[in-house]
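Participant: Quick one, what's the 3D model for this:
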Amino acid sequence: MANLIVVCGPQAVGKMTVAESLRDKLKYNMMMNHDSIEVSDRIFGFATPAQEEFNAFFREKAFELAVKHDVDLIFTCVCAFDVPAERERMTELAELFESAGGTFYFVELSADLETRLRRNETPHRMERKPSKRDVAWSRANLLRDAERHRLNSEEGEVWFTHHLKIDNTNLSPDEAADIVIRTFGLIPNEKEEREYRFGV
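Facilitator: Reported below is the predicted structural model:
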């Protein structure tokens, strides 16, 4: 049975680096949202109908295979808490893993806008996410989404049994990951490095 840890939050909040720390500490496999975005963009172009369909298919198939082959997985994404369809999508994901005997963990990161704008331009982010290398576009997109959507939960808003919100403005990725592991009592897998981070 496979577990799924979703690490969500607004752009440049630190989802990728926290997820990478969780991956290395727990020996879970990892799929960040940009894994499917970058591939589908290269093949079908930016925000085209084919790109959007392939992006959704890529993720859906990855989740299905994780459940089928008992692969513990970490997934990063942006979640609009003001959009009902987003909660429905997360609930369906939780049910997919839980129906097979796994556990669904929902980790929400938050940080102030100044911190996020600074993190938006880090070298590691540029390296791992080619579409973010247009810094002017990326910054404008970050600010636009912050105005259009509520990208963090409100006080007392809990979507799932295992729902943890962390303000990581002043935390390192390892510190945030340790809070997740400690809070949920997660136990590392016994895996060879090539099984969960080959080529990374």
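
Participant: my guess is Met30 is in a strand, correct?
Facilitator: Yes - using DSSP: H, G, I helix; E, B strand; the rest coil, the assignment for Met30 is a strand.

Participant: Helices of this protein, residue ranges please.
Facilitator: Counting by DSSP state H, the chain has helices at residues 15-26, 33-44, 49-68, 84-98, 113-119, 123-128, 135-148, 173-184, 193-197.

Participant: Look through this structure and tell me its longest strand.
Facilitator: The residue-count maximum for a strand in the chain (DSSP state E) belongs to strand 104-110.

Participant: That one - what's its average pLDDT?
Facilitator: Taken as a whole, strand 104-110 carries a mean pLDDT of 98.

Participant: Helix 84-98 and that strand, what's the angle between them?
Facilitator: 140 degrees (axes from the mean of the first three to the mean of the last three CA atoms, to 10 degrees).

Participant: so strand 104-110 versus helix 173-184, what angle?
Facilitator: 140 degrees.

Participant: Paired strands for strand 104-110, with orientation please.
Facilitator: Strand 104-110 has these partner strands in its sheet, going by DSSP bridges: strand 4-8 (parallel), strand 163-167 (parallel).

Participant: Would you convert those into JSON lines that also reports mean pLDDT?
Facilitator: Putting the strands paired with strand 104-110 into JSON lines (pLDDT from 0 to 100) gives the following:
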{"stretch": "strand 4-8", "mean pLDDT": "98"}
{"stretch": "strand 163-167", "mean pLDDT": "98"}
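
Participant: so which of those is the most packed in?
Facilitator: Highest mean neighbour count of those: strand 4-8, a mean of 25 (counted as mean count of other CB atoms under 10 Å). Quick note: C-beta positions are derived from backbone N, CA and C, even for glycine.

Participant: Tell me, please, the helix or strand in the protein that averages the lowest pLDDT.
Facilitator: helix 123-128 (a mean of 80; mean pLDDT, DSSP states H and E).

Participant: Next, name the residue at the spatial heart of the chain.
Facilitator: Centroid-nearest residue in the chain: Thr76, 0.8 Å away (criterion: CA atoms, centre = their mean).

Participant: got a list of what it touches?
Facilitator: Val6, Val7, Cys8, Lys15, Met16, Ala19, Met30, Met31, Met32, Asn33 (CB atoms under 8 Å, 6 or more residues apart in numbering).

Participant: in the sheet, who's paired with it?
Facilitator: Val7, Met32.

Participant: And the contacts of Thr76, which two are furthest apart?
Facilitator: Cys8 and Met30 (14.1 Å; CB to CB).

Participant: give the contact list for Leu113.
Facilitator: Going by CB under 8 Å, 6+ apart, Leu113 touches Ala146.

Participant: before we move on, back to that, and which of the contacts of Thr76 is nearest to Glu108?
Facilitator: Using CB to CB, the contacts of Thr76 come closest to Glu108 at Cys8, 5.5 Å.
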